[in-house]
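no sequence on hand, only this structure:
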């Protein structure tokens, strides 16, 4: 088990372009989370999945953002028509839970810069 | 709305010193509290998780305490080392059906050799 992985690690794009990030959780983890972290701030929750079902979305997740976890394994986060304010570190985390609250394990993040 | 505050925002200490990082939260209805470490430009590493029914957790030179009723937690680091230099983040998981973590802004720790 190599932990949570994210790809790419860095992305530079021009305003208005679409970008997609991928997260591979720890094997057999049924929960997957996306967070966004801007400079000098703590991570802010965006959305989470239980298996393939998206169970909660933050108000931070505007209609330009979409997340999927089609087979309950890896997840993608797409940002359409990027804006400079989207520049941030996008963090993915996973956990295994059968009801009790368990530790969320975080990936290395994808750093997005929108020019 | 749950809010998490960490004091101080930055701390610089000489190697070998014992230190305490503080975390406070506004709503005591939580499932647990976690302390994370984040190195520059990197993801988060979980250090300690304290369930709401627990008072403290220990791992090596780290000890975290939780006073849920007063909305406070402390992270104690004994005999600090330069390798401890990082940003330390506190996060709570609120009760009420949501699975998300609510984070503070972190304390940036520098341990000088």
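Done, it's in. Just so we're clear, the structure is a prediction, and the values are computed from it rather than from any experiment. Numbers count the residues shown, from 1 in each chain, chains lettered A, B, ... in the order given.

residue ranges with poor pLDDT in chain B?
B:97-98 (pLDDT under 70).

and the residue of it nearest chain A?
Residue of chain B nearest chain A, by CB to the nearest CB: residue B:103 (3.1 Å). C-beta: built from backbone N, CA, C; applies to glycine.

list the residues that contact residue 7.
Using chain A here. By CB atoms under 8 Å, 6 or more residues apart in numbering or on different chains, residue A:7 lies in contact with A:21-22, A:24, A:110.

wait, chain B was what I had in mind.
If you count contacts by CB under 8 Å, 6+ apart, residue B:7 has them with B:22, B:24, B:107.

phi, psi for the nearest residue to the first one once chain neighbours are set aside please.
It stands for residue B:22. Here the nearest residue to residue B:22 in space, its sequence neighbours aside, is residue B:7; by CB to CB, 6 or more residues apart in numbering or on different chains that works out to 4.8 Å. Torsion angles at residue B:7 (phi, psi; degrees, to the nearest 10) stand at phi -130, psi 140.

quick one: the helices in chain A?
Ranges of helices within chain A: none, based on DSSP state H.

looking at it, which helix or strand is least sure?
Sorting the helices and strands of chain A by mean pLDDT, DSSP states H and E puts strand A:53-57 at the bottom, at a mean of 90.

packing partners for that one?
strand A:44-50 (3 or more CB pairs under 8 Å, 6 or more residues apart in numbering or on different chains; DSSP states H and E).

name the residues that touch the strand it packs on?
Around strand A:44-50, the neighbours that count as contacts under CB under 8 Å, 6+ apart are A:30-37, A:54-58, A:60-61, A:65, A:67, A:69, A:72, A:75, A:77, B:99-103.

now that strand: average pLDDT?
Averaged across strand A:44-50, the pLDDT comes to 93.

before we move on, the earlier item: of the contacts of residue A:7, buried ones?
Buried by 16 or more other CB atoms under 10 Å in any protein chain shown: A:21, A:24, A:110, out of the contacts of residue A:7.

so which of the residues you listed is the closest to chain B?
Nearest member of the buried ones among the contacts of residue A:7 to chain B, counting by CB to the nearest CB, is residue A:110, at 9.9 Å.

isn't the closest one up against residue A:13?
No: if you go by CB atoms under 8 Å, residue A:110 and residue A:13 don't touch, sitting 11.5 Å apart.

relative to residue B:78, how far out is the closest residue to chain B within chain A?
Using CB to the nearest CB, the single residue of chain A nearest to chain B is residue A:42, 3.1 Å away. Relative to residue B:78, residue A:42 is positioned 25 Å away (criterion: CB to CB, to the nearest Å).

what does residue A:41 give?
Distance of residue A:41 to residue B:78, given as CB to CB: 29 Å.

and residue B:70, what does it touch?
Residues in contact with residue B:70 (CB under 8 Å, 6+ apart) are residue B:28.

try it again with 10 Å
Residue B:70 makes contact with B:24-25, B:28, according to CB atoms under 10 Å, 6 or more residues apart in numbering or on different chains.

how about residue A:62?
Residue A:62 neighbours (CB under 10 Å, 6+ apart): A:79-80, A:83, A:86.

out of the residues you listed, which are buried?
A:79, A:86.

picking up where we left off before, hmm, which of the contacts of residue B:7 are the buried ones?
Buried, going by 16+ other CB under 10 Å: B:24, B:107, out of those.
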